[in-house]
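Novice: Generate a structure from the sequence data that follows.
(2 chains)
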Amino acid sequence: MRIKFEVNGTKVELDVEPRVSLADCLRDTLRLTGTHLGCEHGVCGACTVIVDGAAVRACLMLAVQAHGEHIVTVEGLSNDDALSPLQASFRKHHALQCGFCTPGMITTAHALLTEEPDADAERVREVLSGNICRCTGYIPIIKAVLEARAHYAGEDAPP
Amino acid sequence: MKPGNLLIGAPMERVEDPRFLRGAARFVADVNLEGQAHAVIARSSIAHGHIRAIETGDALAIPGVRAVITAHDLGPEVPVIPLRLQPLAALEPFRQPMLAHGKVRFVGEPLAVIVADSPQIAEDALERIGVEIEPLPAIVDRARAEAGETVLFEDHGSNVAIRWTAMRGDAERAFANADYVRRETFRIQRHAALFMEPRGLVAQWDATARKLTLWGAAKVVFANRRILAASMGLTEQQIEMIEVDVGGGFGSRGEFYPEDFLIPFAARLLNRPVKWIEDRREHLMTANHARETECEVEIAATTDGRILGLRGRSWTDNGAYIRTNGSVAPRNVAQFMSGPYDIENIALSTIQLTTNKTPAGTYRGPGRFEGDFVRERLIDLMAKDLGVDRVEIRRRNLVRETQMPYPLATITPYESATELDGGDYRELLDRCLEDFGWAEKVKLDGQLVDGRYHGIAIGCFIEGGGAGPSENARMALETDGSISVYVGSASVGQGIETIMAQIAGDALGAPFDRIRVRHGSTGHVADGGGSYHSRSTVMGGSAIVLAAEKLKDKLRHVAAGALGCEAGEVSLDSDAARGPSDKSVALSELSKTPMTAEATFHCTKMTYAYGSLAAHVAVDAKTGQVEVIDVVSIKDVGRIINPATLHGQAVGAIVQGLGGALLEHLVYDDEGQLLTGTLADYMMPGADCFPNIRATVVELKPSPHNPLGAKGGGEGEIIPVGGVIANAVAAALADFGVEPLELPLSPPRIWALIGGS
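Specialist: Okay, here's the model as predicted:
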């Protein structure tokens, strides 16, 4: 099927088999390999992308369902030069070890803080409870997200 | 030689992080080669049976399917996965073939490899493979395994693979004369490492150069190359193993699995690159499981709580085959059950059983998590029986500093003796009590507050690390003035690019940003030990220290020529070499001559980090739900390279341990079917489970065994968690007389314990 959508601000148009998941399409066709596949059944959250502002499991969405949508992946949340404030906060707090779950954590936290820049620790924990990390024990991830909140509240908040 | 201390000890931000945070890392699933084909594995859906037929014609008929490989295609003799550790001849009958033939012995065992132009086509073909298996009764528990009416290996004739024995002193006599003896049976459930990045491989065969290149190597890359070379009839030099980013290990990833042979074999057969990425269901069915152990253990003591002896038997459910490191946990359960305590008389054996389940291997703190659960529970039971305070009883029995080095029990048949290398165990017990606020919290013990019963507990542990015999490092001063550091240690996500650069920087007196660390892959050093048994910092780091000394020697010699003086008169700083007359030559000048140095660090003595961990729980007696209110730990690693990454290891280990104590369980039915084959069924800790973890790591007593003074520190805090949480639950539910003897402490189990007492 022929589909059109926008990914990280770029318009794409491509042919996909109806059975191809959005995650496979992003990874294999568009070579956006920052979206990771950890379980392919919607539990681990590593493949989370942002579809029209909402955090979505790319392994549970078909590529054809992305037709006409605006999609942001972890690559779209990254500058060329410096780390974004959220990324820098993750680095400062050592909120990653092996780094495999990290893109899903970044996209999920970004979607949350964009909507709720004043989310408290309990809310952050609740939202991130859908993303599994096996290395960190989550404590530094929660700290990193909480500290990044200030950057989502002011006028210089990222889009 | 102790290197300088500018970078070592500093909480440096990790050099790895920017690429991970930007989604720019390169994991094996991100590796794609021109013209690659994709493999999927056909696996047994039957736990135990005779293979009668594997029909591949329908699968091969699908356009785009390039090959279906069964055991017949592997040659007259199907290669087996060798034993990397404890390679005893007695264990050889239990090695896993790369593809099943004759019999299948667990659900998930590989039967065939399908290679196709896309993963989708390969998966379509998977459904067309016809497999006929004549089922046999499945052996899924100790009773049936020991009864031996059905055996997995007919030639062996029994489901008992081997018996390990740990001996010290004269347990028989100690128990005969003891005032106090208590015996209990404990069970630890089957669970697993469950790293987040599934396993995967990309193999490329160059028919002209007769060279194999394999992406996705991890953990023990050089050992795996030796295995692969032998099983493919190649020399090691014909194989290049490349380690890309690795998404977690914890003991399980990077051991040699059937796919590590099958994918390269397929690539050579088809003369085409072949890629294979495991899915999560495959992972849960096939990557090493761990921990399933039953222990009947007795403790003997004086009436004032001085432990005289430990004796008893354990049974480990090893699953269907003994893989590369399958005997580590069974051995450790026996050898390390005494932990940090001075126990003069020990007679503990472990019987390693084969069953129709996924083979077991190491998982962070192998055998130690299990042994600590048993010992720490026994100590609390004993304290209660004798009316001695549970903190005092531990203090009384901890190995004293004056007893170091302290020999542990000796294990046979693969004989190994080891001794604790030093430390002030009591000091860390006291610090843990203080950090935890024991004196205040103990008032809550057994109290009902707002509908929940509160309890606290504390336990002590040791962590073995720094496995030998050697590790290699090579260092090159590059023409741009940068320093490349190559080391045989591997990354499993623990941040070794950062800590190795810290070590190298201090050893050379060079700034952090001038150092690039390369690791793991076989092209970097002649041989490498890899990353297991908390060995990277100790072994790889020490090799870097030695290589830096050699590189500095070379620099002094070259500089001496330029400065017209003796090498011994040259002093080095980060930018220049200076002679006696204050003449100097810039390093950028010296680096025009390529300069490399290589060193091997040898050591066969283990390091033993040690510490204590305390926990506070609240139990809802109506539901059996355990809430972990607070966990506090402290550990001494001798020398800290990066306090931030080490703290991360400590917190991560505790939360993994809490998963094992409370949530995680690989459950099988009577027919050997895994009932927890998805992450929706297998409960892992989430961000909302354990919000209060306070971990401290200190450098109190350096290890005498390496130039850094470092002790391996990647596993320790997971080890005591099962025992401490179970003791805290027992303390909370003292009014009900609840004494948990089995993990996990799931709500139904706690609820049943309350109802049953």
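
Novice: helix or strand for B:His156, which one?
Specialist: Taking DSSP states H and E as the definition, one finds B:His156 inside no helix or strand.

Novice: Is it in contact with B:Glu92, as I believe?
Specialist: No. In this structure B:His156 lies outside contact range of B:Glu92 using Cβ atoms under 8 Å: 10.1 Å. For every residue, glycine as well, the C-beta is placed using N, CA and C.

Novice: where are the low-confidence patches of chain B?
Specialist: Across chain B, the ranges flagged by pLDDT under 70 are B:1-5, B:756-757.

Novice: Identify the residue spatially nearest to the most centrally placed residue in it, adjacent ones excluded.
Specialist: The centre of chain B sits closest to B:Gly251, judged by Cα atoms, centre = their mean, with a distance of 2.8 Å. Spatial nearest neighbour of B:Gly251, excluding adjacent residues (Cβ to Cβ, 6 or more residues apart in numbering or on different chains): B:Thr362 at 3.7 Å.

Novice: how about the residue nearest to the centre of chain B, secondary structure?
Specialist: Under the three-state scheme (DSSP: H, G, I helix; E, B strand; the rest coil), B:Gly251 adopts coil.

Novice: What distance do you get for it to A:Glu115?
Specialist: 39 Å (Cβ to Cβ, to the nearest Å).

Novice: one step back: element containing the residue nearest to B:Gly251?
Specialist: Going by DSSP H and E, B:Thr362 is not in any helix or strand.

Novice: what sits against it?
Specialist: Counting by Cβ atoms under 8 Å, 6 or more residues apart in numbering or on different chains, B:Thr362 makes contact with B:251-252, B:255, B:288, B:290, B:325, B:328-329, B:532.

Novice: For those, pick the one with the most neighbours.
Specialist: B:Ala290 (32 neighbours; other Cβ atoms under 10 Å in any protein chain shown).

Novice: what pairs with that residue across the strands?
Specialist: Beta-bridge partners for B:Ala290, by DSSP bridges, are B:His191.

Novice: so it sits right up against B:Pro330, yeah?
Specialist: No. Counting by Cβ under 8 Å, B:Ala290 stays clear of B:Pro330, with 11.1 Å between them.

Novice: ok, B:Lys550 - contacts?
Specialist: By Cβ under 8 Å, 6+ apart, B:Lys550 lies in contact with B:475, B:597-599.

Novice: the strands in chain A, which residues?
Specialist: With DSSP state E as the definition, chain A shows strands at residue ranges A:2-7, A:10-15, A:48-51, A:54-57, A:70-72.

Novice: How about B:Ala266: what's its closest non-neighbour residue?
Specialist: The spatial neighbour of B:Ala266 that comes closest, neighbours along the chain excluded (Cβ to Cβ, 6+ apart), is B:Val274 at 4.7 Å.

Novice: neighbours around the one you found, how many?
Specialist: Considering only other Cβ under 10 Å, B:Val274 is surrounded by 27 other residues.

Novice: What distance do you get for it to B:Ala138?
Specialist: Distance from B:Val274 to B:Ala138, by Cβ to Cβ: 33 Å.

Novice: Restrict the helix with the most length in chain A to CA atoms and write it as PDB.
Specialist: Using DSSP state H, we find that the single longest helix of chain A is helix A:102-115. C-alpha atoms of helix A:102-115 as PDB (Å, rounded to 0.1, in the frame of the first residue of the first chain):
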ATOM      1  CA  THR A 102      16.800   4.600  26.500                       C
ATOM      2  CA  PRO A 103      15.100   5.900  23.300                       C
ATOM      3  CA  GLY A 104      11.700   4.700  24.600                       C
ATOM      4  CA  MET A 105      12.300   6.400  27.900                       C
ATOM      5  CA  ILE A 106      13.300   9.600  26.200                       C
ATOM      6  CA  THR A 107      10.200   9.600  23.900                       C
ATOM      7  CA  THR A 108       7.800   8.700  26.700                       C
ATOM      8  CA  ALA A 109       9.200  11.300  29.100                       C
ATOM      9  CA  HIS A 110       9.200  13.900  26.300                       C
ATOM     10  CA  ALA A 111       5.600  13.300  25.500                       C
ATOM     11  CA  LEU A 112       4.700  13.400  29.200                       C
ATOM     12  CA  LEU A 113       6.500  16.600  30.000                       C
ATOM     13  CA  THR A 114       5.200  18.300  26.900                       C
ATOM     14  CA  GLU A 115       1.700  17.800  28.100                       C
END
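
Novice: and it, how far from the chain's centre?
Specialist: Mean-position distance between helix A:102-115 and its chain equals 5 Å (Cα atoms, centre = their mean, to the nearest Å).

Novice: One more: stretch B:443-458?
Specialist: Remark: stretch B:443-458 is offset 34 Å from the chain centroid, using Cα atoms, centre = their mean.

Novice: now swap in stretch B:102-119 and tell me
Specialist: Centroid displacement of stretch B:102-119 relative to its chain, using Cα atoms, centre = their mean, is 26 Å.

Novice: wait, isn't B:Asn271 in contact with B:Thr208?
Specialist: No. Counting by Cβ under 8 Å, B:Asn271 sits too far from B:Thr208 to count as a contact (10.2 Å).

Novice: of these two, who's got more company?
Specialist: Neighbour count, other Cβ under 10 Å: between B:Asn271 and B:Thr208, B:Asn271 has more, with 10 against 5.

Novice: What sits closest to the residue of chain A found nearest chain B if chain neighbours are left out?
Specialist: Of all residues in chain A, A:Gly34 sits closest to chain B, at 1.9 Å by Cβ to the nearest Cβ. Among residues not flanking A:Gly34 along the chain, B:Gly23 sits closest, at 1.9 Å (Cβ to Cβ, 6+ apart).

Novice: what's near enough to touch the one you found?
Specialist: A:32-35, A:73-75, A:78, A:103, A:106.

Novice: Neighbour-wise, give me the winner out of those residues.
Specialist: A:Pro103 (32 neighbours).

Novice: so how many other residues sit close to whichever residue of the stretch 251-400 of chain B sits closest to chain A?
Specialist: In the stretch 251-400 of chain B, no residue comes nearer to chain A than B:Arg280, which is 4.1 Å away by Cβ to the nearest Cβ. Using other Cβ under 10 Å, B:Arg280 is surrounded by 21 other residues.
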